[in-house]
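> need a structure here:
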Amino acid sequence: MSKKVLIISPFFAPSNAADMQRIRMSLPFFKNFGWDAEVVTVDPWYSDMVKDDLLMQSIPADAKVHMVKAFDKQWTSRLGFGALALRSLWFYKKSVNRLLSSNKFDLVYFSTTQFPVCILGSYWKKKFDIPYVIDMQDPWHSEYYRDKPKHQQPPKYWFSYRLNKYLEPIAMKQVSGLIAVSNKYITDLKNRYAGIKDIPSAVIPFGAFGRDMEIAKQNHPLFKKLLHPGYTNIVYVGRGGADMHKAISTLFGAVKTGMVNDPEIFKTLKFYFIGTSYATAGTGKETIMPLAKEFGIENNVIELTDRISFYHALATLQDADALFIPGSDDPGYSASKIYTYILSGKPLLTIFNSKSPAVSILNDYDVKFAYTYDSTDDISVKVIDFLKFVSSGSNVVQTYNEDAINKYSAENMTRQQCLLFDKITTNNI
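Numbering: from 1, shown residues only. The predicted model follows:
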């Protein structure tokens, strides 16, 4: 007999939010492992996140998705807060109370980076005696930005830092299990809160979901072309930020050297950094172009701060000659986008912190051009060789490790989540 999990995800399709992708890619597979899943999300009308209606094509037709309201951001912003988690908290409490009162659920699963909603887990556990799991896709309370210059800190950092420091202990006090994309996130939490030291936990990356590439290909003519014909186009789609400068500087340093030694080749290269800001369209601040100017290669670099829809991003990856993924200087950072880049089949260059969990994933796949910026080896020559190789028009077909393809599939990542759910609910009987 199947068990039932109620998933809390304030952002969900058609909103193009990175933190809902795990659930979106898992929904087709929960039943395979003995779990019926229902999602509670915020009506997308209340979100200013970019929408992509094509995301709905990947959602099972029989999926149960409940929508809650939120306070209008137009009004709450006047009070100094606009985060969806805070605007929807009261509505989540009211709506989920009704669901848990009238239906039998075995588990509540918070999979979101809108972390303040997670404090409701403790409340529901006390009121309904139902265990809950929190998925740490990012750190919640973090000291990472404390010593950073103000211009590198997130907006309203003073407020968010103190709010997170206050709310995180409330959510962690009664949590029944933890999932994270990085072991560091779990270790930090268990060191911080002695009461959760022995609860079940699992490091589960996002998965590779082949259906997404099919949807992007089928709808390719719908998307605006972002790349310039006549150039060798190397693309990164994702957030920017100063924390990625060490990785990107390694690339830009190699390009600068190449411009001196082989100008005829390197002047044909264009590097695209797309969707680098989470700010409202038209208001994003460039974080990559200033670095390109420092290296004197701004004519080779195009930064588009506005986010684009999910499948527009995938279609753009498919149009590229090669792809690039930079890592953060935060050693716990693991880029969930790795899998879509691998599925594209394009030549892939990655530069990460050597302690990032992404490194082992890339090694498992046998990615040829995967490097670390803090390596003792000088990788600039290898990066230059990669860029020359791509500019030559060589059609590289990267053969990936079959075991890794199976290991990191969305279906197997869903299986890992369900194994943790089983462990928690068995212990809870």
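> neighbours around the spatially closest residue to Lys184 that is not a sequence neighbour, how many?
Leaving aside its sequence neighbours, Lys184 sits nearest to Gly332 (CB to CB, 6 or more residues apart in numbering; 3.7 Å). Where C-beta positions appear, they are placed from N, C-alpha and C, glycine not excepted. Close neighbours of Gly332, defined as other CB atoms under 10 Å, add up to 23.
> measure Gly332 to Tyr236 for me?
According to CB to CB, to the nearest Å, Gly332 stands 20 Å off from Tyr236.
> ditto for Val260
Per CB to CB, Val260 is found 24 Å from Tyr236.
> so Ile384 sits against Gly258, correct?
Yes: using CB atoms under 8 Å, Ile384 is in contact with Gly258, at 5.3 Å.
> ok, the two, which is more surrounded?
Neighbour totals were compared for Ile384 and Gly258, and Gly258 leads with 22 against 19 (other CB under 10 Å).
> got any ranges where the stretch 151-300 of the chain has weak pLDDT?
151-162 (pLDDT under 70).
> 90 - rerun?
Across the stretch 151-300 of the chain, the ranges flagged by pLDDT under 90 are 151-167, 182, 278-283.
> would you map the strands across it?
Shown for the stretch 151-300 of the chain, the strands assigned by DSSP state E, counting those that start in this stretch span residues 177-180, 201-203, 232-237, 269-274.
> could I get the ones you listed as CSV with mean neighbour count and distance to Leu100?
Putting the strands of the stretch 151-300 of the chain into CSV (neighbours: other CB atoms under 10 Å; distance: least, CB to CB, whole Å) gives the following:
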stretch, mean neighbour count, distance to Leu100
strand 177-180, 23, 18
strand 201-203, 19, 24
strand 232-237, 24, 38
strand 269-274, 22, 41
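> ok, which of the ones you listed comes nearest Gly121?
strand 177-180 (10.7 Å; CB to CB).
> in its sheet, what does the closest one sit against?
Using DSSP bridges, the strands paired with strand 177-180 in its sheet are strand 132-136 (parallel), strand 201-203 (parallel).
> pull out the buried residues from the top strand by length along the chain.
Using DSSP state E to define each element, the chain has its longest strand at strand 35-42. Buried residues in strand 35-42, defined by neighbour count with 16 or more other CB atoms under 10 Å: Trp35, Ala37, Glu38, Val39, Val40, Thr41, Val42.
> C-alpha coordinates for the helix or strand just after it, PDB please?
Note on strand 35-42: by DSSP states H and E, the next helix or strand toward the C-terminus is strand 64-68. The C-alpha trace of strand 64-68 is given here as PDB (Å, rounded to 0.1, in the frame of the first residue of the first chain):
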ATOM      1  CA  LYS A  64      -2.400  16.700  -7.400                       C
ATOM      2  CA  VAL A  65      -1.300  20.300  -7.000                       C
ATOM      3  CA  HIS A  66      -3.000  22.600  -4.400                       C
ATOM      4  CA  MET A  67      -2.600  26.300  -4.600                       C
ATOM      5  CA  VAL A  68      -2.500  28.800  -1.800                       C
END
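> adjacent strands (with direction) for strand 64-68?
strand 35-42 (parallel).
> need the contact list for the residue nearest to Asp262 when sequence neighbours are not counted.
Nearest non-adjacent residue to Asp262, counting by CB to CB, 6+ apart: Lys388, 7.1 Å away. Listed by CB atoms under 8 Å, 6 or more residues apart in numbering, the contact set of Lys388 reads Gly258, Asp262, Ile265.
> ok, which of the strands paired with strand 177-180 comes nearest Lys51?
strand 132-136 (22.9 Å).
> no further questions, thank you.
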